[in-house]
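Chemist: 3D, please:
(chains A, B and C)
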Amino acid sequence: MTTINYLDLLHLVLPEVIVVIAALCVLSVDLMFLRTSGTGLRGSIGAMLSLAGCATAVAWILHTPQYANVLDGMLVLNLLAQRMQIALLILTMLTILTFIGSTFTQYVSEYLALILLATVSMMFLVSTQNLLLIFLSLELLSLSLYILTAFNKRSVLSAEAALKYFIFGGISAAFLLFGSSLLYGLSNSTNLMRIASSVHGPFLDPLLIVAIVMTVIGLGFKVAAAPFHFWAPDAYQGAPAPSAALIASGSKVAGFFIFYQVMVIGFASAEGSGVWRGYTPGWVPVIAIVAALSMVLGNLVAILQTSVRRLLAYSAIAHAGYMLLGILSHTDQSRGALLYYAVTYALTVLGAFGVVALVEEETGGDTLADFAGLSRRAPVPSFCMLIFLLSLAGIPPFAGFFGKFYLFSSVLTSTPGTLGLLWLVVLAIAMSAVSLYYYLKVLKYIYVTDPPDGIVPIRISVLRQVVLCLIALGVALLGCTPSLLLRWL
Amino acid sequence: MLAWTIYISFLGVPVLLLLPKGSVRAARILALLTAVAGFAVTLWGFAQQRTGELVTVARAPWVPSLGVEYHLASDGISLTLLLLTGIVAISGVLFSWNIEHRAKEFFAFYLALIGGVYGVFLSFDLLLLFVFYEIAIIPKYFLIAIWGSTRREHAAMKLALYSFVGSAMVLIGLIAAYVVAGARTMDLVQLAQFPFPIHFQMWAFPLVFVGFGILAGLWPFHTWAPTGHVAAPTAASMLLAGVVMKLGAYGCLRVAMTLFPRGLDAWGFHVFGFGSWRDVFALLALIGIVYGAMVALVQKDFKFVIGYSSISHMGFVLLGLMTLQQIGLDGAVLQMFSHGILAGLLFAVVGRMVYDRTHTRDLSELETMHLSKAIPFAAATFVLGGMASIGLPGFSGFVAELQVLIGTWRSFPLFTVVAGVGIVIGIAYTWRAMQKAFFGSSNHSAPPTVAPLPPISAPERIGAMILVGASVIIGVYPQLLLRVIVPALHSPLFDGLLKGRGK
Amino acid sequence: MNILPPISCLTIVPLLGAIAVLALGAKNKRLAGGLALTFAFLALAITLVLWHRFNPISGGLQFEEVRAWIPVLGVQYHVGVDGLGLLMLMLSAIVVPMAMAASWHIQERVSLYFALMLMLEAGLFGTFTALNFFHWFLFWELSLIPAFFLIRLWGGSERAAAATQFFLYTMVGSVALLLAFLAIFLCTGKFDFMDLAEMARNGQFLPAFAAISDWHRFTAEKVALVLCFGVFLGFAVKVPLVPFHTWLPAAYAEAPTGTTMLLTGTMSKMGVYGFLRILLPIFCVQLRLVRTPLLWIAVATIVLSAYAALAQRDLKRIFAYSSINHLGYCMLGIFSILKFTGENPSLANEKAATLNGVFLQMFNHGLTAATLFWFVALLEKRSGGLRGLDDFGGLRKVVPVLCGLMGIALFSSLGLPGLNGFVGEFLIFKGTFPLATWPASVSVLGLLLTAIFILTILQRVFSGPLQERWSQMPDLTVGERLALLPAIALMFVLGLYPQLVLGVINSTAMQMVQQLRF
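Modeler: Okay, here's the model as predicted:
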């Protein structure tokens, strides 16, 4: 269907509209009623409003499942897209909960509004199969994230991070746009499915190869895959904690989802093969190289880090490498595995940043030394951090292990009859073994090292503890009973 | 019902953590009760099962889309090792009675480790087995890093990483097997019957065997073990050497050898005299026996002597496995039990009884202390433990090593002689350690040169008697365990391994 | 005793006693000693009952108990006694209380001392009754460990070296035994002594080794010979035979005297018993092949040890070498039986006589040697630790009773007719002369040398000038006299009426000879 009634369209995008309205509400309530109140109160009220908005959106989606494919693939709603939207909304809610109580800015309502706008863009991103809207959503998301990164006006690092992020983002957006225009030129359409059927042919057009590479560059930047990752460590380190959390969680999930859609649907016949000694040109070998590079680089450089945030950044690069495996095996099962991994990874990292925020507020820094003896000073967050880091390392029974297992087995089953991509899986498992070292290093500081000034308990708000525990519980539960999530994907 | 061993142990963890701060006594008692409860369940299960055949304990779908089930079952081999875990767990808690620093967390990690180990021995779904196997790695790290001694953080990290690398290797093999078998099920019994292609088994078998072998102390991947055991606190060393190394050997038998029996077949060509992976691993096991013994002979640190002797004894287990004779496998499983008990006993004496009192493990220093007069109970216990570990008849090690040697004679006659030499060296290093540590410099009956040492406490005595008793009971009446082990090895699971091998 | 299995009970009693002594006697020395003696006497009582119920006419095993134990290894719990076993049980049951009585002066760790003695006794009982290699070897080792610790912890000034040497020699022997029997098990599938002896008699023993004889082109005969040597080594160290005897003098000298009594009285008999029960029935064919060298080894043992005793100055060392000498006669007797006498049936009687002599000598020497060492202990107590030959002199004047009784024991050891030492030696020589004339003749030299050193002791210690320091030496107390009385009485009884023992052992001896079948 290429034409649609606007009312029907409104009906279809009601969740996004609700979130936008929530954003506007936050801004206006703050402007009109809360000029004289303290930052804390304004933050809490704004957060409650945003949470209400997101919750309403979630309720609406659950209540009225939609199926639609309108305007030449601009809006494609199906069960999967809606479930992803719900996941993104939940991640946003958790990010907002992490934000409550932060003191890095007085412009709380603007901050919350930006978060919500970023959420809107992510929701659009997962419900489209048209290159134009993809680009638009990505830009909206990126712009929101740049500003969110720069939000701490008292920190030089924040500004530097945002600038780097912006410059890199701009360049990669340019690449993406160029690639998209090449695709349009080749296929005379911006709809992914039609592009796929147009470029179908016995040989790969060299222009298509260029388009593939450019698209991979553009999207690879978004998910922080090597060698397009240079912005990530600084962004993770400089941005205020909730922003970094959002970048690490929500935008990753959305980014991978759209990466999958574009490559698997858009370049459907141009896969090629990355099997050992069975190379055929296509986008699969390209992504295989990128994945291998990300895994190796991310893990090896993370070993050297002393700042926990940078460590998490490099580990994010490594995990991006693992998740790319899900893309390059391009089956339904691998999509399920990828999304499971992405969602649980996002949850875990969100929790980890929550704990990092806590430590930073207490000690002013995020180096390993600042974490020393945390288990005695704040036992509950330390235990949650234990769960998060072990999940990231891939230790059962947490979600990270199961995600990896599912991903790796789906990679191997994708080439029926042979174990062709075994080399990649072996590399992934080997690098995963390496990663245990640096995660254990952090845990060592938390649990083993004695606190430098004696055991001075840290006061943490109940809300924060509850949120962290909820996330930890989620991670553990999704690991023990993965079918809870899997059947939804 | 046997599944309750796992649940009880894991349930103990949050209860312990929720105890109020500083309640050390409550923590100890709770940990002891949990360990005893777990062991009681195991005993019950052991009594219920007259023969050693496979009995399903729990079975429920876990991730149906992948064919992964929550499948717990036990056969004779599992029961033997469950009993071992129970006994060592109880003694470990008893020997940790004096821990004051962060006692709650110590026992919490301890119980988590035990729960994981119980889980491995009961799992019959490969993914579930792997999950429990990995769960066991993290508590080990913390136990050593927080409560250990010499260079503990380094040792803990080394141990964790080695174990993790080993398990990574196993994971690759498991995923590959799962995929090749059609990605429908992870059930051990079904996968054991699946005819994997021979060339696949030829690389999958050594991969998984070495992956588990790392944890079992297979030479030359054993280097984590002496460092780790020495650095660990007593109860952790007891568990590590006593039980966790057996996890590796169990994995070798239960996973590698059951799933990929054709991987042990002859290659058809010879490389340096080796004609199959079986030859290679048998030789590595043999080297482990002799190397461990020889290195133990020259150690200056008492605990290192025991650490290296563990490598030597585990060599017997692995050699027994590689004989592929019924009697050799019987002996290997019995040796797992026997060495588990004895390693626990010896580490308890060295760590808790001697080191905690004298604060030195250096044999030349201990020589001046006339410990046989100062702590006679420790001396007597070490003598008994030493005799058992030599393989003296009347203790559990004799029957086990006898069976392994008989099996080895039938499969690799020359190796039997070398293994015998290893036993003789074993007598030598045990003798030397005993002489130096307890019976001091020979000819004077001079009074001890140090202040009197604190006497051996009641929990230590009970723990020691439990361990010695277990070794003696099985030494005098090994049929108690053999009646479940032998039928277990006759079961169809091991058909591919044992039948059709001729010798 | 109809309900309870007698032999198992007998073996358990000392073990229970050891536990009881350790548990209850830790603080109270007298209680420890008293408890230990009680259990030892209990064991003696059970042995007497066994002796009484023993049927002297049948030569085979009695009081047999067979139970399944470890089926996968073909191991059964199989015990039983014939005349030889019963004799050895009796010897152990008598010597152990004597040894305990002689150890009354021990001050340190008394409970452990007596517990170890009781464990040793259990090991002895077990060794003399076990008929399956598995638990026989268990008890064999069980007697070794307490002996080691008894020497190591309570011995004299050179005890560490002596204990180590004792341990190493015996351990090497044990390892040789173990390996040989493992090989036998691998080829025949049996651990049971009776079964193996049966196989040897039926000629099935040798062919069993054909299975491994292809390996490295060994013939079955060579393999059997090697295995025979392994088992031989184990027992030769224990007896001991020259040249494996070098551990003995140091061990006997350094051990506390009660332990030495046990060592000489009972543990050395384990070696001879091993020859009789295990080596001879199973490996008779192989032994026959090397009969002549064996005979001359026995001769060397007899003569060289007696000669060495002449040179000693320490009483304990003299008696140590004398022990080696006396057991050499047993070995001479055993080896002489190996002669093939199929054509000459009357020689079978000589063989039976020789075996009777060997059994008697084992018992008598055990008794006498233990008593002699006891006297040395009594002397040491009175002299403050001195026991050199030259330390004393003219003691007859101050301690007449001591000297008198010790003289009786010394004469018994010499082999004076009328005392127990004579009968055994007489029977051995009587039987050996026709069977192995030259070795027997040379061995008479041993008798002569023994006479010389015993008379030397009599002269140096009892007669001669009295040294001033001994003029106040107290004589035997009433307690000591009462304790020694049974031993001395037994020496006379057995010397005058050996039929007491011969009646029990004769049938066994004859059956053994008959089963050797040549």
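Chemist: interface residues of the stretch 101-250 of chain B facing chain A?
Modeler: B:105, B:127, B:130-132, B:134-135, B:137-138, B:141-142, B:145-146, B:153, B:157, B:160-161, B:164-165, B:168, B:171-172, B:175-176, B:178-180, B:183 (C-beta under 8 Å from any C-beta of the partner chain). Where you see a C-beta, it was placed from the backbone N, CA and C, and this is true even at glycine.
Chemist: now do the longest strand along chain C: which elements does it pack against?
Modeler: Longest strand of chain C, by residue count under DSSP state E: strand C:62-70. Applying 3 or more C-beta pairs under 8 Å, 6 or more residues apart in numbering or on different chains; DSSP states H and E, we find strand C:62-70 packed against helix B:479-490, helix C:6-24, strand C:75-81, helix C:133-154.
Chemist: what about residue B:202, neighbour count?
Modeler: Neighbour count for residue B:202, taken as other C-beta atoms under 10 Å in any protein chain shown: 18.
Chemist: so which strand or helix has it?
Modeler: The secondary structure element spanning residue B:202 is helix B:198-216 (assigned by DSSP states H and E).
Chemist: that helix packs against which elements?
Modeler: Against helix B:198-216 (3+ C-beta pairs under 8 Å, 6+ apart) you get helix B:152-180, helix B:245-251, helix B:277-297, helix B:302-323.
Chemist: what element comes up after the longest one heading to the C-terminus?
Modeler: To tie it back to what came earlier, the one meant is helix B:152-180. Assigned by DSSP H and E, the successor of helix B:152-180 is helix B:188-193.
Chemist: before we move on, what about the shortest one?
Modeler: For helix B:245-251, the succeeding helix or strand toward the C-terminus, using DSSP H and E, is helix B:258-259.
Chemist: rounded mean pLDDT for the helix or strand following that next one, please.
Modeler: Per DSSP H and E, the first helix or strand lying C-terminal to helix B:258-259 is strand B:266-271. For strand B:266-271, mean pLDDT rounds to 80.
Chemist: between strand B:266-271 and helix B:277-297, how many degrees?
Modeler: 60 degrees (axes from the mean of the first three to the mean of the last three C-alpha atoms, to 10 degrees).
Chemist: name the strands paired with strand B:266-271 and say parallel or antiparallel.
Modeler: Applying DSSP bridges, strand B:266-271 is found paired with strand B:274-276 (antiparallel).
Chemist: and the partner strand, which residues are buried?
Modeler: B:274, B:276 (16 or more other C-beta atoms under 10 Å in any protein chain shown).
Chemist: hmm, who's touching that strand?
Modeler: With contact meaning C-beta atoms under 8 Å, 6 or more residues apart in numbering or on different chains, strand B:274-276 is reached by B:264, B:265, B:266, B:267, B:268, B:269, B:280, B:283.
Chemist: give me the number of residues near the nearest residue to residue B:353 once chain neighbours are set aside?
Modeler: Nearest non-adjacent residue to residue B:353, counting by C-beta to C-beta, 6 or more residues apart in numbering or on different chains: residue B:378, 3.9 Å away. Using other C-beta under 10 Å, residue B:378 is surrounded by 24 other residues.
Chemist: tell me the most packed of the contacts of strand B:274-276, by neighbour count.
Modeler: Neighbour-wise, the contacts of strand B:274-276 (other C-beta under 10 Å) top out at residue B:264, 25 neighbours.
Chemist: contacts only, for that one.
Modeler: The contact partners of residue B:264, by C-beta under 8 Å, 6+ apart, come to B:205, B:257, B:276, B:277, B:278, B:322, B:324, B:497.
Chemist: repeat that for residue C:391.
Modeler: So residue C:391 contacts C:383, C:467 (C-beta under 8 Å, 6+ apart).
Chemist: what residue in chain A comes nearest to chain C?
Modeler: Taking C-beta to the nearest C-beta, chain C has its nearest neighbour within chain A at residue A:396, 37.7 Å off.
Chemist: doesn't residue C:153 make contact with residue C:256?
Modeler: No. Contact criterion C-beta atoms under 8 Å: residue C:256 and residue C:153 do not qualify, at 9.1 Å.
Chemist: next, the buried residues of stretch A:447-467.
Modeler: Under 16+ other C-beta under 10 Å, the buried positions of stretch A:447-467 are A:447, A:448, A:449, A:460, A:464, A:465, A:467.
Chemist: list the contacts of residue A:18.
Modeler: Contacts of residue A:18 (C-beta under 8 Å, 6+ apart): A:53, A:56, A:57, A:60.
Chemist: what helices and strands are in contact with the longest helix anywhere in chain C?
Modeler: Secondary structure of chain C per DSSP state H: the longest helix is helix C:346-383. Under the contact criterion of 3+ C-beta pairs under 8 Å, 6+ apart, helix C:346-383 touches helix C:83-102, helix C:257-262, helix C:268-274, helix C:315-337, helix C:400-414, helix C:420-435, helix C:478-496, helix C:499-516.
Chemist: out of these, which gets nearest to chain A?
Modeler: Closest among the helices and strands packed on helix C:346-383, using C-beta to the nearest C-beta: helix C:257-262, at 53.6 Å.
Chemist: buried residues in that closest one, which are they?
Modeler: Buried-residue list, helix C:257-262, by 16+ other C-beta under 10 Å: C:257, C:258, C:259, C:260, C:261, C:262.
Chemist: my read: the fourth one touches residue C:372, true?
Modeler: Spelled out, it's residue C:260. No. The criterion here is C-beta under 8 Å, and residue C:260 misses it with residue C:372 at 9.9 Å.
Chemist: point out where chain A drops to low pLDDT.
Modeler: A:1-3, A:201-202, A:274, A:277, A:417 (pLDDT under 70).
Chemist: and the buried residues of stretch A:447-467 as CSV, adding secondary structure and distance to residue B:219?
Modeler: Shown next, in CSV, are the buried residues of stretch A:447-467 (DSSP: H, G, I helix; E, B strand; the rest coil; distance: C-beta to C-beta, whole Å):
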residue, secondary structure, distance to residue B:219
A:447, helix, 33
A:448, coil, 30
A:449, coil, 34
A:460, coil, 50
A:464, helix, 50
A:465, helix, 49
A:467, helix, 50
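Chemist: nearest to residue C:141, out of these: which one, please.
Modeler: The closest of these to residue C:141 turns out to be residue A:448 (C-beta to C-beta; 46.4 Å).
Chemist: and that closest one, its phi and psi?
Modeler: The phi/psi pair for residue A:448 (degrees, to the nearest 10) reads phi -100, psi -40.
Chemist: what sits against the spatially closest residue to it that is not a sequence neighbour?
Modeler: With C-beta to C-beta, 6+ apart as the criterion, residue A:448 has its nearest non-adjacent residue at 4.4 Å, and that residue is residue B:145. Residue B:145 makes contacts with A:444, A:447, A:448, B:152, B:153, B:156, B:157, as judged by C-beta under 8 Å, 6+ apart.
Chemist: mind checking the SS state of the closest residue to chain B within the stretch 301-450 of chain C?
Modeler: Closest to chain B within the stretch 301-450 of chain C is residue C:385: 13.8 Å, counting by C-beta to the nearest C-beta. Here residue C:385 is recorded as coil under DSSP: H, G, I helix; E, B strand; the rest coil.
Chemist: contacts only, for it.
Modeler: With C-beta under 8 Å, 6+ apart, residue C:385 has no contacts at all.
Chemist: which pLDDT does the model give it?
Modeler: Confidence score, pLDDT, at residue C:385: 76.
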